[in-house]
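Visitor: okay, structure incoming, though there's no sequence with it:
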């Protein structure tokens, strides 16, 4: 009863426009006070604020965001696109496939789907327009491509999931790799499907010779180097996933220096912007911690877990229900908040059913990615529209249908073949 | 005034973040190449992060950049928008004041017990006080924003110092 009241109060606050972090904090602390008293509630607030702001693990958040901003501002997007285009452009729908691949690579190191859509859109859309690609396919490939990087390590969302649930971040990163690549492949298949049905949607580009291809590939050394540096460092035991963020940010900083794209003014902008973005995310994280402290002391997640176990339904049914919950929530909530809000509620249930915490993390992120491109909120579609006002909203969403279908296939594969997720973590020894 | 505050806080947050990055790089590099990690790098990182993040709090608050659900934004118009703007700010204000108050109290407790970091023996209380001060500063900015909403309802959900940019 109280829990239902708390969830209602919070949704009212959030929908009225109260910042998500503050809304969750207020409901969390007030609920905590109702159960354990006012003093305990205030003590909890101070402790959580101080401890999580000074948590070493959380330092990955600002540092990965800083790395992403160095990458996003160093004009690497164009070279990535040229390189993937050199290999794929001459196929039917090839430019859209190249967009997907370039978006995947860019967002993997940049970490922000919004920044990816904004920067890649600028590069890829004019090209596809020039070759006569349909508006819907062109826009959709950018908007969908932007979601890919959330899963491909290094991933901020996975780090927060790891901290929230006490799951190994190294294992989560390894687990995200294959499903991330699968996402790229399935999106390419989606493009292929669209051009099979309507060959005018994505005409062939020019075939580019091998010499030119290698030259294009050699220009994207920086992105590849950074990727190898971070993952190699983590799994080679040179540094921890937490330290990887600092090393990665420093590497991105050096790359920006070498490429001579960095001015003092730009450096200042990047640093301030990164600290602001990090604070925004950190407040949502702190709000989620306060809220989850409340629902935990109210024993809600455990009651939920017991209730579901007493129904003795199979884990598969539970996962299916959770999938539907996430798709519905994804229509109204922003991705990070959705993850932070739901995972504390569902995690005990999921582990009690014997579902692997690492697998569940990947599942949640994949499902959240779908929310970024489904109407009515589909954040990536809005970002694209904001950067390219001439794009048509209805057309973008229509174009996204095959990509959403591809995502559904991916969720199905992850559910059907959990080893696809768990194989690499086991190989690296987590 | 607003302009100066923005500059100073931006400089503080940015410098601390840069320091965090260099510190981790120096620590990992030192350990790997010279077998000489930076002493107390972890606790320094923690203090730098907390300070950098909270230095950005007034900036984010004044710019109304906090993460919100914007789904129903268009449902509010005219007077309703003003009422909503004030209510939303009121809730944020309560949260920020509670943050400031609790962090200040945290600082008092830390100072009382003389809590220090493990390796470098740095006092922890000033960090809590700084975080409290930044929360209070954000609360103050929010009050100014609410006053400007009441004075000029057309400017509901406006930011502080927009004119200064």
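Guide: Everything's here; your move. Predicted model, so just to flag it, every value in this text is computed and none were measured.
Visitor: can you pull the residues of the stretch 301-430 of chain A lying near chain B?
Guide: Contact residues of the stretch 301-430 of chain A with respect to chain B, defined by C-beta under 8 Å from any C-beta of the partner chain, are listed as A:332, A:333, A:334, A:336, A:337, A:376, A:377. All C-beta atoms are positioned from the backbone trio N, CA, C, and that covers glycine.
Visitor: next secondary structure element downstream of the lengthiest helix in chain A?
Guide: In chain A, ranked by residue count with DSSP state H as the criterion, the top helix is helix A:264-297. Following helix A:264-297 in sequence order, the next helix or strand is helix A:300-310 (DSSP states H and E).
Visitor: what sits closest to residue 19 if chain neighbours are left out?
Guide: I'll assume chain A. residue B:66 (3.4 Å; C-beta to C-beta, 6 or more residues apart in numbering or on different chains).
Visitor: nope, chain B
Guide: Once chain neighbours are set aside, the closest to residue B:19 by C-beta to C-beta, 6+ apart is residue B:48, at 5.6 Å.
Visitor: continuing past the helix or strand harbouring that neighbour, what's the next helix or strand?
Guide: In this structure, residue B:48 sits in helix B:41-62 according to DSSP H and E. Beyond helix B:41-62 in the direction of the C-terminus, DSSP H and E gives the next helix or strand as helix B:78-112.
Visitor: looking at that following helix now, give me its mean pLDDT.
Guide: Across helix B:78-112, pLDDT averages out at 91.
Visitor: who touches residue A:373 in this structure?
Guide: By C-beta atoms under 8 Å, 6 or more residues apart in numbering or on different chains, the contact set of residue A:373 is A:143, A:144, A:147, A:380, A:381, A:400, A:403, A:404, A:407.
Visitor: tell me how far the second one lies from residue A:397.
Guide: In other words, residue A:144. Between residue A:144 and residue A:397 the distance is 11 Å, computed by C-beta to C-beta, to the nearest Å.
Visitor: who's more crowded, these two?
Guide: Taking other C-beta atoms under 10 Å in any protein chain shown, residue A:144 and residue A:397 do not tie; residue A:144 has more neighbours (32 against 20).
Visitor: pLDDT wise, what is the residue lying closest to the more buried one once chain neighbours are set aside at?
Guide: The shortest distance from residue A:144 to any residue other than its chain neighbours is 3.7 Å, reached at residue A:403 (C-beta to C-beta, 6+ apart). In the predicted model, residue A:403 carries a pLDDT score of 95.
Visitor: pretty sure residue A:403 is in a helix, no?
Guide: Yes: the assignment for residue A:403 (DSSP: H, G, I helix; E, B strand; the rest coil) places it in a helix.
Visitor: what's around the residue nearest to residue B:19, how many residues?
Guide: Once other C-beta under 10 Å is used to define contacts, residue B:48 is seen to have 23 neighbours.
Visitor: that one reaches residue B:14, doesn't it?
Guide: No: because the distance of 11.8 Å does not satisfy C-beta atoms under 8 Å, residue B:48 is recorded as not touching residue B:14.
Visitor: what touches both of the two?
Guide: Shared contacts of residue B:48 and residue B:14 (C-beta under 8 Å, 6+ apart): none.
Visitor: that older thread, return the residues in contact with the residue nearest to residue A:144.
Guide: With contact set as C-beta under 8 Å, 6+ apart, residue A:403 has these partners: A:140, A:141, A:143, A:144, A:187, A:190, A:373.
Visitor: the same query, at a cut-off of 6 Å, please.
Guide: Shown here is residue A:403, whose contacts under the criterion C-beta atoms under 6 Å, 6 or more residues apart in numbering or on different chains are A:140, A:144, A:187, A:190.
Visitor: ok, which pair from the residues you listed is furthest apart?
Guide: Considering C-beta to C-beta, no two members of the contacts of residue A:403 lie farther apart than A:140 and A:187, which are separated by 9.6 Å.
Visitor: tell me which of these two has more neighbours.
Guide: Taking neighbours as other C-beta under 10 Å, residue A:140 and residue A:187 compare with residue A:140 leading, 32 against 28.
Visitor: next SSE downstream of the strand or helix carrying that one?
Guide: With the criterion set as DSSP H and E, the secondary-structure element containing residue A:140 is helix A:135-145. Using DSSP H and E, the helix or strand that directly follows helix A:135-145 along the chain is helix A:156-165.
Visitor: low pLDDT regions in the chain?
Guide: Just going to use chain A. A:429-430 (pLDDT under 70).
Visitor: I was thinking of chain B, sorry if that wasn't clear
Guide: Residues of chain B meeting the criterion pLDDT under 70: B:70-71, B:73, B:155-165.
Visitor: now the residue in it positioned nearest to chain A: which helix or strand?
Guide: The nearest approach of chain B to chain A comes at residue B:24, 2.4 Å away (C-beta to the nearest C-beta). With elements delineated by DSSP H and E, residue B:24 resides in helix B:2-34, which encompasses its position.
Visitor: if we can go back for a sec, mind listing what's buried in the longest helix of chain A?
Guide: Of the residues in helix A:264-297, those scored as buried under the neighbour-count criterion (16 or more other C-beta atoms under 10 Å in any protein chain shown) are A:267-268, A:270-295.
Visitor: coming back round to it: wait, the residue nearest to residue A:19 sits on residue A:20?
Guide: No: shown here, residue B:66 and residue A:20 do not form a contact pair, counting by C-beta atoms under 6 Å, at 7.5 Å.
Visitor: follow-up on the earlier one: okay, now the residue of chain B closest to chain A: neighbour count?
Guide: If you count neighbours by other C-beta under 10 Å, residue B:24 ends up with 29.
Visitor: do the host helix or strand of residue A:5 and chain B meet at all?
Guide: Using DSSP H and E, the secondary-structure element containing residue A:5 is helix A:2-16. Yes: for helix A:2-16 and chain B, the contact criterion (C-beta under 6 Å from any C-beta of the partner chain) is met by A:14, A:15.
Visitor: check contacts around residue B:119.
Guide: Residue B:119 makes contact with B:39, B:40, according to C-beta under 6 Å, 6+ apart.
Visitor: quick one: classify residue A:91 as helix, strand or coil.
Guide: Using three-state DSSP as the criterion, the local structure at residue A:91 reads coil.
Visitor: how many neighbours does it have?
Guide: 19.
Visitor: follow-up on the earlier one: how near is the residue nearest to residue A:19 to residue A:67?
Guide: Residue B:66 sits 23 Å away from residue A:67, going by C-beta to C-beta.
Visitor: so between those two, which is more surrounded?
Guide: The neighbour count for residue B:66 versus residue A:67, taken as other C-beta under 10 Å, is higher for residue A:67 (31 against 21).
Visitor: my guess is that one contacts residue A:248. True?
Guide: Yes: with contacts defined as C-beta under 6 Å, residue A:67 counts as touching residue A:248 at a distance of 4.5 Å.
Visitor: show me what contacts residue B:38?
Guide: B:26, B:27, B:30.
Visitor: thinking again about what came up before, from the chain's centroid, how far away is the helix holding residue A:5?
Guide: In terms of C-alpha atoms, centre = their mean, to the nearest Å, the centre of helix A:2-16 is set 26 Å apart from its chain centre.
Visitor: list the helices and strands that helix packs on?
Guide: helix A:20-36 (3 or more C-beta pairs under 6 Å, 6 or more residues apart in numbering or on different chains; DSSP states H and E).
Visitor: please see if the helix it packs on touches chain B.
Guide: Yes: residues of helix A:20-36 contacting chain B under C-beta under 6 Å from any C-beta: A:20, A:22, A:25, A:26.
Visitor: from the chain's centroid, how far away is that helix?
Guide: Averaging C-alpha coordinates over helix A:20-36 and over its chain gives two centres that are 27 Å apart (C-alpha atoms, centre = their mean).
Visitor: what do you get for stretch A:279-287?
Guide: Centroid separation for stretch A:279-287 versus its chain: 16 Å, with C-alpha atoms, centre = their mean.
Visitor: list of residues touching that stretch?
Guide: Stretch A:279-287 is contacted by residues A:20, A:21, A:24, A:25, A:52, A:337, A:340, B:53, B:56, B:57, B:60, B:67 when judged by C-beta under 6 Å, 6+ apart.
Visitor: in chain A, what residue comes closest to chain B?
Guide: For chain A, the nearest residue to chain B under the criterion C-beta to the nearest C-beta is residue A:246, separated by 2.4 Å.
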